[in-house]
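Trainee: Using only what follows, build the 3D model:
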Amino acid sequence: MSYDTNNIFARILRGEIPAHKVFEDEATLAFMDVMPQSEGHTLVIPKVAAENLFDLAPADLGRLIQVTQKVAVAVREAFRPDGLTLMQFNGPEAGQTVFHIHFHIVPRYVGVGLRSHSRQMADNALLADHAQRIRAALGKP
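Mentor: Sure thing, here's the model as predicted:
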């Protein structure tokens, strides 16, 4: 499979589709998942065109995981979950549905199961509030 420049994350990076951003630098972007599995579900992507782990240069992967950790710390501070799951899928057989490498940061709460992914869009105002909470934890306006 070759990289599809019209995948949803590539379109978000180009500003064609809005996203509730929580962090951005020259190499990465973190934003709220619009179909969250739990409160605070956040995605982190590199700005380079890479379909999966195997297409990403080691330096870019290093930066991606560093930012993922930074954002995960902020998600933990903002939502105070009981635990936190990081997920990253490579290929359709592994569950990848958007073919631009990304990490999921999914807060986990005792007694609360995960919602199904790709089933229902979250309320836009709720996502905006969640993004603001994470930006505040990052010390960003």
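
Trainee: Residue most distant from the centroid, this structure?
Mentor: Note on the chain: the largest C-alpha distance from the chain mean falls to residue 111, namely 23.5 Å (C-alpha atoms, centre = their mean).

Trainee: can you tell me the helix or strand for the most centrally placed residue in the chain?
Mentor: Taking C-alpha atoms, centre = their mean, the centroid of the chain lies closest to residue 43, which sits 0.2 Å from it. Per DSSP states H and E, residue 43 falls inside strand 42-46.

Trainee: then that strand to PDB, C-alphas only?
Mentor: The C-alpha coordinates for strand 42-46 follow below in PDB (Å, rounded to 0.1, in the frame of the first residue of the first chain):
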ATOM      1  CA  THR A  42      -6.100  11.800  22.100                       C
ATOM      2  CA  LEU A  43      -4.100  11.100  18.900                       C
ATOM      3  CA  VAL A  44      -0.500  12.000  18.100                       C
ATOM      4  CA  ILE A  45       0.800  12.000  14.500                       C
ATOM      5  CA  PRO A  46       4.000  13.000  12.800                       C
END
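
Trainee: you'd agree the residue nearest to the centre of the chain is up against residue 101?
Mentor: No. Residue 43 lies out of contact with residue 101 (C-beta atoms under 8 Å); the separation is 10.6 Å. Where C-beta positions appear, they are placed from N, C-alpha and C, glycine not excepted.
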